[in-house]
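Enquirer: next comes the sequence, and after it the predicted model I'd like to discuss.
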Amino acid sequence: MKHRDVKLAPSILGADFARLGLQVAEAEKAGADRIHIDVMDGHFVPNLSMGAPIVASLRPITRLPLETHLMVSDPDLFLDEFAEAGSNSLIVHWEDNANLHRTVERVKALGKRVGVAINPATPASTLEEILQDIDQVLVMTVDPGFGHQLFISTTLPKIGRVRDMIERNNPACDLEVDGGINAETAPMVVRAGANVLVAGSAIFGDSQGIAAAVRRLRESAEVNKSPLPKGERTDLQ
């Protein structure tokens, strides 16, 4: 694997919604690379969250790409409205999507970057037939639906397996991780092969402020970021 710059994607799920615009602007000023927006429908995951109006309200506030993570039962119903609201990329889940290729092609037709997410218990091998068609993979490192969860360490070997698949089939594809990412876990996932880190509470909930949190997370991610040899990435503990 070639060395890759690590990108940070603050998740607004961890933000103070009374000051959402200000906090997103602060994250941009601090050096964030994109803004991550978690959309939940109460069916695919046991929680409800934001809709397309949130994306529309953020679009004039920031120049950063807005990536929308659709944790919903039928993402096809929502693609057009989130694209129109200003999302730059749309991430859909492999799970419970019987027509994933059709969904991916629809996102492309809308002129947006497309990503596919897999849950902690979903094997990396499920990506084999779709990987060449997408711009990024999102490996969930917690079960989706809630913030403030602890990182599932057994997802580390899977990150390595996905990185190996990407290098063989679609080297331009981003490998993003989401869940329990902080200054302690960031070096582990980067060394395993991730190059985009989603963090919510670790950035927006930091007692020293957003700028300090972004700096700390980036510094920790840059430590020891040289990838492990191929044979070792699948045996990470």
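Expert: Everything's here; your move. Numbers count the residues shown, from 1 in each chain.

Enquirer: tell me the pLDDT at His3?
Expert: At His3, the model reports a pLDDT of 56.

Enquirer: mind listing what's buried in stretch 102-118?
Expert: The neighbour-count check on stretch 102-118 (16 or more other C-beta atoms under 10 Å) flags 103-104, 106-107, 112-118 as buried. From N, CA and C alone the C-beta is placed, and that goes for glycine too.

Enquirer: ends of that stretch, what's the gap?
Expert: Start and end residues of stretch 102-118 are separated by 17 Å (C-alpha to C-alpha, to the nearest Å).

Enquirer: tell me how far that stretch lies from the chain's centre.
Expert: Mean-position distance between stretch 102-118 and its chain equals 15 Å (C-alpha atoms, centre = their mean, to the nearest Å).

Enquirer: what's it in contact with?
Expert: Outside stretch 102-118, the residues within contact range by C-beta atoms under 8 Å, 6 or more residues apart in numbering are 65, 67, 69, 71, 75-76, 79-80, 83, 87-95, 97, 100, 124, 126-127, 130, 133-140, 144, 174, 176, 178.

Enquirer: mark which of these are part of strands, please.
Expert: Taking DSSP state E, the ones among the contacts of stretch 102-118 that sit in strands are 67, 69, 71, 89-93, 136-140, 174, 176, 178.

Enquirer: which residue ranges of this protein form strands?
Expert: Counting by DSSP E, the strands of the chain are 7-10, 35-40, 66-71, 89-93, 113-118, 136-140, 174-178, 196-199.

Enquirer: so what pLDDT did Ser49 get?
Expert: pLDDT recorded at Ser49 is 89.

Enquirer: Phe17 is in contact with that one, correct?
Expert: No - contact criterion C-beta atoms under 8 Å: Ser49 and Phe17 do not qualify, at 10.3 Å.

Enquirer: more crowded one of these two?
Expert: Remark: of Ser49 and Phe17, Ser49 carries more neighbours, 19 against 11, as counted by other C-beta atoms under 10 Å.

Enquirer: any idea how far that one is from Leu138?
Expert: Going from Ser49 to Leu138 by C-beta to C-beta, to the nearest Å gives 16 Å.

Enquirer: same question, Gly160
Expert: Distance from Gly160 to Leu138, by C-beta to C-beta: 16 Å.

Enquirer: so, low pLDDT: which residues of the protein?
Expert: Applying pLDDT under 70 to the chain picks out residues 1-3, 146-147, 224-237.

Enquirer: and the helices in it?
Expert: In the chain, the segments counted as helices under DSSP state H are 20-30, 52-58, 79-85, 100-109, 156-169, 186-192, 201-204, 210-222, 230-233.

Enquirer: for those helices, which one sits closest to Gly42?
Expert: When these are compared by C-beta to C-beta, helix 52-58 sits nearest Gly42, at 16.1 Å.

Enquirer: for the closest one, packing partners?
Expert: Identification of packing neighbours for helix 52-58 by 3 or more C-beta pairs under 8 Å, 6 or more residues apart in numbering; DSSP states H and E yields helix 20-30, strand 35-40, strand 66-71, helix 79-85.

Enquirer: quick one: which of these is nearest Ala9?
Expert: Nearest to Ala9, of all the helices and strands packed on helix 52-58, is strand 35-40, at 4.2 Å by C-beta to C-beta.

Enquirer: next, format the strands of the chain as JSON lines and append distance to Val214.
Expert: Shown next, in JSON lines, are the strands of the chain (distance: least, C-beta to C-beta, whole Å):
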{"stretch": "strand 7-10", "distance to Val214": "6"}
{"stretch": "strand 35-40", "distance to Val214": "12"}
{"stretch": "strand 66-71", "distance to Val214": "17"}
{"stretch": "strand 89-93", "distance to Val214": "20"}
{"stretch": "strand 113-118", "distance to Val214": "22"}
{"stretch": "strand 136-140", "distance to Val214": "20"}
{"stretch": "strand 174-178", "distance to Val214": "16"}
{"stretch": "strand 196-199", "distance to Val214": "9"}
